[in-house]
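> Fold the following.
(chains A and B)
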Amino acid sequence: MSVAVLPYTVKPHPVTGVYSGKLGTWLFLASEVMLFGALFSAYVLLRVGAPATGPAAWPTHDQTHLSWKIGGFNTLVLIVSSVTMVMAWASLKMNNLAKGRMYLGITVALAFVFIIVKLLFEYIPKFNAGHTPSHNNFFALYFTLTGLHALHIIGGIVVITYFIFPGSTLWRKDPEYYTNRIECTGLYWHFVDLVWIFLFPVLYLM
Amino acid sequence: MSDAHADISKHVKSYIGVFLALAVLTVVTVAISRVHFSGSGNVIVALAIAAFKASLVAAIFMHLKWEKSPSIWWSLVICAMFFLFLILIPVLAVGDLPPQAQHGMWDVVSPAAGGGGH
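Next comes the predicted model:
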């Protein structure tokens, strides 16, 4: 099987001034900003448009049953995972594949912690209590926003796991290319963390 | 590789610094949500802290502090403009909301609760 060689995977493109994977990742993240931005916009519209009283009124903290302790714990989990992600890239930059893979492994483990906590302590108890997306506008937005975010976490788990195991063979052929791919994976992962930084106060504390 | 080891070591120090700042600011966000400011004070404070945390992540973890590519910066500027427009949509929609909701938005007393007094 012939392998097509992509240009500018390591050297900066003369026009853009950056290796092409990085620009592509940023363009993808710009589209992600619009995706999450539209949902945040919907949140603002439905919240300010809710009547002040009556059954359609915006639920209070007691009615949303969202625990800032669980949300805060998961916030810290994602922040630590962002640090380990960027440390993986820094380790590869310092020519240490073993350390880089170790940090990637910790990042995946933390991603699993986030998802498991979300499922066991939030989603499942909410559904059991009848607080489903159809319950009211708040829960519709809560499940859409956090569900989409959780899908991004799962996507991150898949990509990072690929780079720990089969994807890491690229290191032997072209370590700089591999390091750049980890940097792009990191850009995505930090973006997922960044979205949660806004979701946490908006859903749990306001 | 373009960056020398010494540069990466400096980066690592800033990563640890940002981690500590993010952890402390998360605690501050929770603590300050228990204080009641007047009007939209709580929302503004919470969003301001979140925006500051997000810019730390973007600048240091996502390497924007060291980013020189004009293509990336232009993509981000255009993205920011469209994002601002998205967030403005609810404001532009104010005139289209049902009257009851409009009162709920701008006044503390709604017509349903306060008998139309505002």
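> all contacts plus neighbour counts: C-alpha atoms, from now on.
Noted.
> For chain B, which residues score under the pLDDT cut-off?
Confidence mapping of chain B against pLDDT under 70 gives the ranges B:1-4, B:97-118.
> at 50 instead, please
Scanning chain B for pLDDT under 50 picks out B:1-2, B:103-118.
> Now for the residue nearest the centre of it: which residues touch it?
To find the centre residue of chain B, average its C-alpha atoms and take the closest one (C-alpha atoms, centre = their mean): that gives B:Ala51, at 3.2 Å. B:Ala51 sits next to A:Phe198 when contact means C-alpha atoms under 8 Å, 6 or more residues apart in numbering or on different chains.
> again, only using 10 Å
Listed by C-alpha atoms under 10 Å, 6 or more residues apart in numbering or on different chains, the contact set of B:Ala51 reads A:Leu194, A:Ile197, A:Phe198, B:Val45, B:Val57.
> residues near B:Lys68, how many?
Here the count is done by other C-alpha atoms under 10 Å in any protein chain shown, and B:Lys68 has 13 residues near it.
> quick one: it and A:Pro12 touch, right?
No - with contact defined as C-alpha atoms under 10 Å, B:Lys68 does not reach A:Pro12; the gap is 11.1 Å.
> Which residues are in contact with each of those two?
For the pair B:Lys68 and A:Pro12, residues contacting each of them under the criterion C-alpha under 10 Å, 6+ apart are A:Val18.
> In chain A, spot the helix with the most residues.
helix A:20-49 (DSSP state H).
> Other residues contacting the following helix or strand past it?
From helix A:20-49 onward toward the C-terminus, using DSSP states H and E, the following helix or strand is helix A:61-64. Contacts made with helix A:61-64 from outside it, assessed by C-alpha under 10 Å, 6+ apart, are listed as A:Trp58, A:Ser67, A:Trp68, A:Lys126, A:His131, A:Phe138, A:Phe139, A:Tyr142, A:Leu203, A:Tyr204, A:Leu205, A:Met206.
> immediately after helix A:61-64, which helix or strand?
Past helix A:61-64, further along toward the C-terminus, the next helix or strand under DSSP H and E is helix A:68-93.
> I'd like to know the average pLDDT value across that next one.
Averaging the model's pLDDT scores along helix A:68-93 yields 97.
> How about the very next helix or strand once past that helix and chain B, any contact?
Using DSSP H and E, the helix or strand that follows helix A:68-93 towards the C-terminus is helix A:97-117. No - Helix A:97-117 is not in contact with chain B by C-alpha under 10 Å from any C-alpha of the partner chain; minimum separation 13.3 Å.
> Report the buried residues of the next helix or strand after helix A:97-117.
Note on helix A:97-117: by DSSP H and E, the next helix or strand toward the C-terminus is helix A:124-128. The neighbour-count check on helix A:124-128 (16 or more other C-alpha atoms under 10 Å in any protein chain shown) flags A:Lys126 as buried.
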